[in-house]
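In: Need coordinates for the following:
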Amino acid sequence: MKATKRLTVSALTVALGTVFMLIGAALEVLDLSAVAFASLLMVFIYIELGSPYTWLVWLATSLATALIYPGSLLWLEYLVIFGIYPVIKGYIERTPRPLWIILKAVYAAITFGVVMLGSELILGIPFFEGDFFGLPMGAVIAVFAVLAVLAFLLYDLFINVMVRFYLERLRGKIKHILK
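Out: Residues are numbered from 1 along each chain as shown. Sure thing, here's the model as predicted:
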């Protein structure tokens with residue numbers, strides 16, 4: 001594929017990913033779903049264009065969303081957790097198989113912690129507000145961390161399913177466009 005076509009596909013992917021996240025930010029109920037779908041575009045770029053374009057699309061999508069909607073937490077979630085995870089997943093899965101789940105859980109815990117801190121320090125948005133049934137904040141954070149890691153591992157399975165779907169059903173249909 002020619003460099004101009006690669007750049008064009010990358011730019012279209014940045015635009016589509018930004019639109020997904022802006023829809024999620026506008027609807028607020030679908031914010032994490034929108035970020036997850038935008039991250040699937042990274043899988044497409046990684047498979048079809050390779051690593052350099054993947055990093056470019058990740059950064060450009062994060063910056064575009066941050067510039068258009070700076071007060072939203074979505075761009076930070078995409079930048080730190082979801083946008084780059086499909087690439088990192090590839091590196092994690094090159095290690096011995098028994099380490100996969102441990103590395104993925106550690107990645108999830110660290111990145112969710114970074115987003116929690118970033119939301120308060122960078123954006124000024126408190127991550128936890130209100131009374132959580134009278135529980136101490138430490139307990140609330142611990143429960144959130146466990147649930148976040150479990151949800152992230154489900155997201156990891158979702159990526160596996162979508163990659164298989166893309167490779168088996170869609171890639172052959174769009175391969176002629178990408179030549």
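
In: Would you list the phi and psi of the residue of the chain most remote from its centre?
Out: Among residues of the chain, the one most distant from the C-alpha centroid is residue 134; the distance is 32.4 Å, by CA atoms, centre = their mean. Phi and psi for residue 134, reported as degrees, to the nearest 10, are phi 70, psi 10.

In: Quick one: classify residue 125 as helix, strand or coil.
Out: At residue 125 the chain is in coil, as set by DSSP: H, G, I helix; E, B strand; the rest coil.

In: Just checking the distance from the helix or strand residue 41 falls within to the centre of its chain.
Out: Assigned by DSSP states H and E, residue 41 belongs to helix 31-48. Relative to the chain's own centre, helix 31-48 is displaced by 6 Å; criterion: CA atoms, centre = their mean, to the nearest Å.

In: And for stretch 130-140?
Out: 28 Å.

In: can you list the residues that contact that stretch?
Out: By CB atoms under 8 Å, 6 or more residues apart in numbering, the residues outside stretch 130-140 that reach it are 128, 143. Placement of C-beta: from N, CA and C, glycine included.

In: re earlier: which other helices and strands contact the following helix or strand past the helix holding residue 41?
Out: Counting by DSSP H and E, the next helix or strand C-terminal to helix 31-48 is helix 51-68. If you count contacts as 3 or more CB pairs under 8 Å, 6 or more residues apart in numbering; DSSP states H and E, helix 51-68 packs onto helix 3-27, helix 31-48, helix 74-77, helix 85-92.

In: tell me the angle the first one makes with helix 51-68.
Out: Counting by axes from the mean of the first three to the mean of the last three CA atoms, to 10 degrees, helix 3-27 lies at 40 degrees to helix 51-68.

In: which of the residues in helix 3-27 are buried?
Out: Across helix 3-27, burial judged by 16 or more other CB atoms under 10 Å covers 6, 9, 10, 13, 14, 17, 18, 20, 21, 22, 24, 25.

In: now those residues in a markdown table, with pLDDT and distance to residue 75?
Out: Compiled in a markdown table, these are given as follows (pLDDT from 0 to 100; distance: CB to CB, whole Å):
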| residue | pLDDT | distance to residue 75 |
| --- | --- | --- |
| 6 | 91 | 24 |
| 9 | 93 | 22 |
| 10 | 95 | 18 |
| 13 | 96 | 16 |
| 14 | 97 | 13 |
| 17 | 95 | 11 |
| 18 | 95 | 9 |
| 20 | 92 | 12 |
| 21 | 92 | 7 |
| 22 | 90 | 10 |
| 24 | 89 | 11 |
| 25 | 86 | 9 |
